[in-house]
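# Sequence first, predicted coordinates after that:
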Amino acid sequence: MEQQINNAQPSTSSYRDSLKSMDTEEHIDLAFYRPIGYMWACLAKKLGVTPNAITIASIFLGIGAGVMFYFNDLWLNVIGMLLLIWANSFDSADGQLARMTKQYSRIGRILDGLSGDFWFATIYVAICLRTNVTSEFFSQHHWVIWVTAVVTGICHAKQAAMADYYRQFHLYFLKGEDGSELESAADLKSKLAELSWKHNFWKKLTLTFYTNYTINQEAWTPRMQALRAELKRRFPDGRIPQSFRDAFRAKSLPLMKYTNILSFNWRTIALFASLFLQMPWLYFAFELTVLNILLAGMVIRHENICKTFTKELEDGKY
């Protein structure tokens, strides 16, 4: 399979270096978004454009897509679909450019996460406004679609946050600290305490949001946190045995397909299908049922994996 992927993609090592890892890449991304993102990244590198500038551009494209979804006109909806695809190619490009040029930053990671939030917030509002106009039921019960959108948005945020967290944890064992963006809420709180609202207002504000984001991720993963604590206790220098890294990677790898489903591509397939059917509210149903079931299954399985490995560490297996 990897040989087939190699044959289907640009053959330069620079392209491969722009990917996070073959473990965590999604097939649609490898076939479509990553090659396009790489071309955007190469162009941006030549022009001196930063990853954060590409991210900001993607926000405007995604918002434009959401506006197009308001109209009950399929051709305008198709324009919106193309804008959303363009936005996601930029979302791919910013990370690839950052890896190519080593321009990593926490603000970049925060911006990258916020970009999708802006896209889908606009899309949700557009769906609500459109549904209240085009549906007889919802036009008589305006509050129903808005409440549904708020609940769906909360679920969406949780799904995306947990998918990202599990990918970063997998990358930590695959590539080590340098290859992962895994954070600790305790470390973030310490850094936050060192900043002053008077002298570091914007930096402290962004770090406050990011710290709360990480705290929520940790709250949903108590057994993962127990495993991290045990690893830190047994290997304070961070030199986790390769045998443990390989064993955890083997158990975690099958779950990566679920993290990918909970990310962008399958959401947009469902969104586009609902727009073609001229029933955009069906997208909310997809997120509330299919994606929440996948989230629950992913969390349960990952927590059980972490519990098993914590027990093996306590028993001295590694």
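On my side now, so go ahead.
# what's the least confident helix or strand in this protein, going by average pLDDT?
helix 2-8 (a mean of 38; mean pLDDT, DSSP states H and E).
# Counting by contacts, list what the following helix or strand past it packs against.
Moving toward the C-terminus from helix 2-8, the next helix or strand (DSSP states H and E) is helix 13-17. Packed against helix 13-17 by the contact rule (3 or more C-beta pairs under 8 Å, 6 or more residues apart in numbering; DSSP states H and E) you find helix 34-47, helix 74-101. From N, CA and C alone the C-beta is placed, and that goes for glycine too.
# List the buried residues in the top helix by length along the chain.
When the chain is parsed with DSSP state H, its longest helix is helix 142-175. For helix 142-175, a neighbour-count test (16 or more other C-beta atoms under 10 Å) marks 144-146, 148-149, 152-153, 155-174 as buried.
# same thing with stretch 286-293?
286-287, 291-292.
# Restricted to helices, list those.
Reading helices off the buried residues of stretch 286-293 with DSSP H, I get 286, 292.
# Could you list the low-pLDDT ranges of the chain?
1-13, 104-106 (pLDDT under 70).
# how close does the spatially most distant residue from the centre of the chain sit to Gly113?
Outermost residue of the chain with respect to the C-alpha centroid, by C-alpha atoms, centre = their mean, is Gln140; its distance is 36.0 Å. According to C-beta to C-beta, to the nearest Å, Gln140 stands 37 Å off from Gly113.
# Near Asn212, how many other residues are there?
Counted by other C-beta atoms under 10 Å, the residues lying close to Asn212 total 12.
# Work out for me the element it sits within.
Using DSSP H and E, Asn212 falls within helix 201-219.
# Could you pull out the buried residues of that helix?
Buried residues in helix 201-219, counted by 16+ other C-beta under 10 Å: 204, 206-207, 210-211, 213-214, 217-218.
# got it, and stretch 253-264?
In stretch 253-264, counting by 16+ other C-beta under 10 Å, buried: 255-256, 258-264.
# Would you mind measuring the gap between the ends of that stretch?
19 Å (C-alpha to C-alpha, to the nearest Å).
# contacting residues around that stretch?
The contact list for stretch 253-264, computed with C-beta atoms under 8 Å, 6 or more residues apart in numbering, reads 23-24, 26, 29, 88, 91, 116, 159-160, 162-164, 166-167, 170, 266, 291, 294-295, 297-298, 301-302, 305.
# just how off-centre is that stretch within its chain?
Its chain's C-alpha centre and that of stretch 253-264 lie 10 Å apart, by C-alpha atoms, centre = their mean, to the nearest Å.
# go on, stretch 215-224?
The chain centroid and the centroid of stretch 215-224 are separated by 17 Å under C-alpha atoms, centre = their mean.
# Would you mind listing the residues in contact with the closest residue in space to Gln217 that isn't next to it in sequence?
Take Gln217 and drop its neighbours on the chain: the residue closest to it by C-beta to C-beta, 6 or more residues apart in numbering is Tyr165, 4.5 Å away. Tyr165 makes contacts with 182, 217, 221, as judged by C-beta under 8 Å, 6+ apart.
# Arg167 is in contact with the first one, correct?
No. Taking contact to mean C-beta atoms under 8 Å, the distance of 9.5 Å between Leu182 and Arg167 leaves them out of contact.
# out of everything not next to it in sequence, what's closest to Trp281?
Nearest non-adjacent residue to Trp281, counting by C-beta to C-beta, 6+ apart: Thr131, 5.0 Å away.
# ok, now which ones touch that neighbour?
Contacts of Thr131 (C-beta under 8 Å, 6+ apart): 138, 145, 280-281.
# Just the ones of those in helices?
138, 145.
# if I look at Tyr38, how far off is Ala93?
Taking C-beta to C-beta, one finds Tyr38 at 7 Å from Ala93.
# Now the residue lying closest to Leu84 once chain neighbours are set aside: which helix or strand?
Distances taken as C-beta to C-beta, 6+ apart put Ala65 closest to Leu84, at 3.8 Å, once the chain neighbours are dropped. Secondary structure from DSSP H and E places Ala65 in helix 51-68.
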